[in-house]
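Engineer: just coords:
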């Protein structure tokens, strides 16, 4: 008896009719945009070589290639979007074609003053409009994107307005401070640790800057080379990372619990008192996005993607290496005795600490001390100690303080530390073991440095805490309590940060 195996039907070849499904106008718009991108790629990269043959051939290749690549990307994204958003393919083509139109603005390079189109600045503006257009269209069709976008815009606009008004009306704290920009509306975001990240991006690692991990300043350097300003590059990275971090958190908690819990969680984290750091040139947004994304992929059992994201988290902050623990816990929960496949998935966990080892190797070459990032913490009076020592030191500073500001800062750091511990103790039964382990270690590690300094900022990226709060928040009185606690302190912290007062 013979067995008949039916091969799956082959995908239908793409024809010109598929590109015209949305009508000829969208296709023409995308082709013009692609032609424009190709032309300026030729103008920027090949014309300065002053090689006539290469220049003439390059013009043909770049313009036609740019149009063809743009059309294909437009087609592929519309097909993907129609599946995810439930829209028809023709409608997706028409909507997405609108996002390509901003690239036509590149022709303004021949009209505007040179200082207005310096370097790749105009291209970055067009790219930003391209991305914003895609987000706006996605929000039009997808409830998740729409709710995340509304939350992001409402909270970020409020924080920006408060910070700018504080900087202009109140003015900075007395004394001499670093000015990362001559423009007051930009300088307000370059406070405290932001100075270190911008210095690393501009001059490389020097002295105590090695306490700060390399991924964030590297991204600032790369984007800054296009934008022409490292401070603006940092702001773009931080705010874009926050948006996608909220999106990942929404999807993660929607799968774990339900949509109302996810909605409350992204709102609570967006109005948390130290959420000002999400919009400043700090690593909080990037680290938040990477850790939540790693959990999202681990919970989807996409082990290699989750570990790869964990690699970048460990290159952003040392706490990123803690993702090894939830990886192993989630892996154990799905291990069914298939040793070959199980071990193949487990190998991926090695990517997470590799991010830390890469930086350690760099420090070994640079300073002959792979743990220099830890040793240099003594500059901020940090060193390894049992967690209760940090409490003792904070209480001692309060009792011996001669300034009210010291008392207030230490009290805030103790209060936020107690808040994190209380939420973990009170809500651990509502979390998966991987979340509990990650949250517990994320609290324990900074507490074991003999200081509670920056604990309000460390709490900001502790997303399991907001999952617990979001589940508690289904009771109106608890929801009102969380909002009443968060909003006034967020306004206060924003004003303090904008005026060069220490917050966290």
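Structural biologist: Arrived safely, thanks for sending. Computed from a predicted structure; not experimentally measured.
Engineer: Only C-alpha atoms from now on, for both contacts and neighbour counts.
Structural biologist: Noted.
Engineer: Can you say which helix or strand has the residue most central in space within the chain in it?
Structural biologist: Taking Cα atoms, centre = their mean as the criterion, residue 241 is the residue nearest the geometric centre of the chain, at 2.3 Å. In the assignment (DSSP states H and E), residue 241 maps to helix 230-256.
Engineer: Give me the mean pLDDT for whatever helix or strand comes next after that helix.
Structural biologist: Per DSSP H and E, helix 230-256 leads on to helix 259-270 as the next helix or strand towards the C-terminus. Averaged across helix 259-270, pLDDT comes to 97.
Engineer: Buried residues, helix 259-270. List them.
Structural biologist: 261, 262, 263, 264, 265, 266, 267, 268, 269, 270 (16 or more other Cα atoms under 10 Å).
Engineer: Compute the inter-axis angle for it and helix 230-256.
Structural biologist: Using axes from the mean of the first three to the mean of the last three Cα atoms, to 10 degrees, the inter-axis angle of helix 259-270 relative to helix 230-256 is 150 degrees.
Engineer: And helix 259-270, what does it pack against?
Structural biologist: helix 143-165, helix 230-256, helix 463-472, helix 476-498 (3 or more Cα pairs under 8 Å, 6 or more residues apart in numbering; DSSP states H and E).
Engineer: go again using 10 Å as the cut-off
Structural biologist: Applying 3 or more Cα pairs under 10 Å, 6 or more residues apart in numbering; DSSP states H and E, we find helix 259-270 packed against helix 143-165, helix 230-256, helix 455-460, helix 463-472, helix 476-498.
Engineer: circling back to that earlier point, which ones are touching the residue nearest to the centre of the chain?
Structural biologist: Going by Cα atoms under 10 Å, 6 or more residues apart in numbering, residue 241 touches 235, 247, 278, 279, 283, 284, 285, 286, 287, 288, 289, 290.
Engineer: Same question for residue 62.
Structural biologist: Applying Cα under 10 Å, 6+ apart, the residues contacting residue 62 are 34, 35, 36, 37, 38, 39, 40, 41, 42, 43, 46, 68.
Engineer: where does it land on pLDDT?
Structural biologist: Residue 62 is given a pLDDT of 92.
Engineer: show me where the stretch 251-400 of the chain has helices.
Structural biologist: 259-270, 284-299, 303-314, 324-334, 339-346, 351-367, 372-375, 387-400 (DSSP state H, counting those that start in this stretch).
Engineer: For residue 435, which of those is the nearest?
Structural biologist: Each of the helices of the stretch 251-400 of the chain was scored for nearness to residue 435 using Cα to Cα, and the closest is helix 324-334 (6.9 Å).
Engineer: Averaged pLDDT, stretch 18-37. What do you get?
Structural biologist: Mean predicted confidence for stretch 18-37 is 91.
Engineer: before we move on, what about stretch 112-128?
Structural biologist: pLDDT averaged over stretch 112-128 gives 78.
Engineer: Can you give me the end-to-end span of it?
Structural biologist: End-to-end distance of stretch 112-128 (Cα to Cα, to the nearest Å): 19 Å.
Engineer: repeat for stretch 168-185
Structural biologist: Its first and final residues considered, stretch 168-185 spans 8 Å by Cα to Cα.
Engineer: Report the buried residues of it.
Structural biologist: 172, 180, 181.
Engineer: Looking at those, which is nearest residue 314?
Structural biologist: Nearest member of these to residue 314, counting by Cα to Cα, is residue 180, at 27.2 Å.
Engineer: hang on, the earlier thing: mean pLDDT lowest for which of the helices of the stretch 251-400 of the chain?
Structural biologist: Among these, helix 339-346 carries the lowest mean pLDDT, a mean of 75.
Engineer: low-scoring stretches of the protein, by residue?
Structural biologist: Low-confidence segments of the chain (pLDDT under 70): 1-12, 50-51, 114-119, 336-341.
Engineer: Spell out which residues make up each domain of it.
Structural biologist: Per the record, the chain has its domains at 16-141, 145-498, by automatic domain parsing.
Engineer: In CSV, list these along with distance to residue 504.
Structural biologist: Below are those laid out as CSV (distance: least, Cα to Cα, whole Å):
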stretch, distance to residue 504
domain 16-141, 31
domain 145-498, 4
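Engineer: Just say which of those domains is most tucked in.
Structural biologist: For the domains of the chain, the largest average neighbour count (mean count of other Cα atoms under 10 Å) is found in domain 145-498, namely a mean of 19.
Engineer: now it: how far from the chain's centre is it?
Structural biologist: Distance, stretch centre to chain centre, for domain 145-498: 10 Å (Cα atoms, centre = their mean, to the nearest Å).
Engineer: Can you get me the start-to-end distance on it?
Structural biologist: End to end - Cα to Cα - domain 145-498 spans 30 Å.
Engineer: May I ask you to name the longest helix in the chain?
Structural biologist: Using DSSP state H to define each element, the chain has its longest helix at helix 52-85.
Engineer: next helix or strand past that one?
Structural biologist: Per DSSP H and E, the helix or strand that comes after helix 52-85 is helix 89-100.
Engineer: Check which helices and strands whatever helix or strand comes next after that next one sits against.
Structural biologist: Using DSSP H and E, the helix or strand that follows helix 89-100 towards the C-terminus is helix 121-141. Judged by 3+ Cα pairs under 10 Å, 6+ apart, the packing partners of helix 121-141 are helix 52-85, helix 89-100, helix 143-165, helix 215-227.
Engineer: Any idea how far the first one is from the middle of the chain?
Structural biologist: Right, helix 52-85. 28 Å.
Engineer: How about the shortest one?
Structural biologist: Centre-to-centre, helix 89-100 and its host chain are 27 Å apart (Cα atoms, centre = their mean).
Engineer: tell me the angle of it relative to helix 52-85?
Structural biologist: Using the same axes, to 10 degrees: helix 89-100 against helix 52-85 is 130 degrees.
Engineer: Same question for the last one.
Structural biologist: With the same axes, to 10 degrees defining the directions, helix 215-227 sits at 120 degrees from helix 52-85.
Engineer: Isn't residue 414 up against residue 395?
Structural biologist: Yes: the criterion here is Cα atoms under 10 Å, and residue 414 meets it with residue 395 at 8.4 Å.
Engineer: Could you check which helix or strand contains residue 34?
Structural biologist: Judged by DSSP H and E, residue 34 forms part of helix 24-45.
Engineer: which helices and strands sit right next to that helix?
Structural biologist: Judged by 3+ Cα pairs under 10 Å, 6+ apart, helix 24-45 is in contact with helix 16-19, helix 52-85, helix 89-100.
Engineer: Just the residues contacting the first one, thanks.
Structural biologist: Just to be clear, that refers to helix 16-19. Contacts of helix 16-19 (Cα under 10 Å, 6+ apart): 23, 24, 26, 27, 71, 72, 74, 75, 89, 90, 93.
Engineer: Please give me every residue in contact with the fourth one.
Structural biologist: The contact partners of residue 27, taken as Cα under 10 Å, 6+ apart, are 19, 20, 21, 33, 70, 71, 74, 75, 93, 94, 97.
Engineer: For the third one, give its distance to residue 67.
Structural biologist: Plainly put, residue 21 is 18 Å away from residue 67 if you go by Cα to Cα.
Engineer: Would you agree residue 401 is in contact with residue 393?
Structural biologist: No: applying Cα under 10 Å as the test, residue 401 and residue 393 come out as separate, 11.7 Å apart.
Engineer: residues shared between the contacts of these two?
Structural biologist: Residues touching both residue 401 and residue 393 (Cα under 10 Å, 6+ apart): residue 410.
Engineer: Out of the contacts of residue 241, name the two that are farthest from one another.
Structural biologist: Spatial extent of the contacts of residue 241 (Cα to Cα) is set by the pair 235 and 247 at 18.5 Å.
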